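> Need a 3D model of the sequence below.
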Amino acid sequence: MPELPAPAYPDDVRARLERDAREIIARYPDSRSALLPLLHLVQSEEGHVTRTGMRFCADVLDLTTAEVTAVATFYTMYRRRPSGDYQVGVCTNTLCAVMGGDAIFEALQEHLGLANGGTTDDGKVTLEHIECNAACDFAPVVMVNWEFFDNQTVQSAKNLVDDLRAGRPASPTRGAPLCTFKETARILAGFPDERDGAVEASGSAGPASLVGLRLARGEAAPARVVHPRDGKPHAEPQDRPVHEPSPTEHLSSHDAPQDTSASDPAHPAGPTAEEGE
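Down below sits the predicted model:
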């Protein structure tokens with residue numbers, strides 16, 4: 001059966017959203033450019049982008065619902081089904097995965113009884129794995145409503161989701177205090193965060209992320225990013241060039257050489273089997 005048209009918002013809700021939409025649209029020379037923040041706006045109303053929300057965006061921008069749907073389904077920050085007050089995203093990209101992100105994600109799935117994208121029965125937490133959030137020097141990283149929780153472990157991540165579900169305070173490692181996903185969506189729509197102290201709260205990248213910036217500014221060679229095996233940072237002397245490790249010097253135990261067909265000619269790799277054999 002063909003899908004019926006999406007229902008409209010109640011009159012009072014639509015009037016409020018139209019006021020906000022006019023403010024957003026006025027920021028752009030071409031009204032169509034306001035679609036992304038408008039999708040965040042309707043997401044802040046119901047916690048996800050509904051058919052009603054997409055119909056509203058189409059109406060105020062004079063677009064077709066097909067055009068709006070094409071955008072809403074392309075970007076993963078727009079939720080297509082009801083989700084929790086707190087979006088808990090575990091980075092499982094390369095570095096975070098190696099440092100423990102995969103183990104954290106698997107542990108949280110078991111701890112919460114959820115698959116990827118699932119939401120707890122109390123509507124508090126939605127769990128998902130996410131791509132890199134440019135915080136590799138704090139790996140493994142968990143994000144809650146896009147706020148950073150750095151250097152996580154399996155146990156700290158379990159404690160975090162338990163606190164969120166119990167309503168206990170959970171403070172990000174850096175950045176603004178946590179708010180609900182709906183409140184986050186309104187901020188992403190371009191409206192100010194009016195909570196006391198939220199704007200002043202800040203955080204920055206770590207030393208490893210800032211090395212390139214300092215070098216680009218012509219500043220002196222930075223402290224060694226990878227700590228020696230004694231676990232203590234050692235600044236490089238400034239009166240001689242920064243040491244370049246030899247091919248046989250490994251700065252991390254993760255870099256230890258592995259036996260392969262190239263390094264161990266006595267045990268070459270066999271032929272690759274065809275898929276399905």
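> Identify each buried residue in stretch 174-193, please.
The neighbour-count criterion (16 or more other CB atoms under 10 Å) identifies 174-176, 178-181, 183-191, 193 as the buried residues of stretch 174-193. (Glycine included, C-beta is placed from N, CA and C.)
> now stretch 27-44
Those would be S31, A34, L35, L36, P37, L38, L39, H40, L41, V42, Q43, S44, for stretch 27-44 by 16+ other CB under 10 Å.
> how far does it stretch from start to finish?
19 Å (CA to CA, to the nearest Å).
> Show which residues not belonging to that stretch make contact with it.
17, 20-21, 24-25, 49-50, 52-54, 56-57, 60-63, 68, 71-72, 75, 77-79, 182-183, 185-186, 188-190 (CB atoms under 8 Å, 6 or more residues apart in numbering).
> rewinding a little: min pLDDT across the buried residues of stretch 27-44, which one?
When the buried residues of stretch 27-44 are compared on pLDDT, S31 comes out least confident, at 91.
> Secondary structure added to the buried residues of stretch 27-44, as CSV?
Listed next are the buried residues of stretch 27-44 as CSV, based on DSSP: H, G, I helix; E, B strand; the rest coil:
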residue, secondary structure
S31, helix
A34, helix
L35, helix
L36, helix
P37, helix
L38, helix
L39, helix
H40, helix
L41, helix
V42, helix
Q43, helix
S44, helix
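> And the nearest residue to T94 once chain neighbours are set aside, how far from Y28?
In this structure, T94 finds its nearest non-sequential neighbour in C132, 7.9 Å apart by CB to CB, 6 or more residues apart in numbering. Counting by CB to CB, to the nearest Å, the separation of C132 from Y28 is 29 Å.
> again, but for R168
41 Å.
> same question, A58
Taking CB to CB as the measure, A58 falls 16 Å from Y28.
> before we move on, what about D137?
Between D137 and Y28 the distance, using CB to CB, works out to 36 Å.
> before we move on, what about V71?
15 Å.
> Just to check, K124 is in contact with V88?
No: contact criterion CB atoms under 8 Å: K124 and V88 do not qualify, at 9.6 Å.
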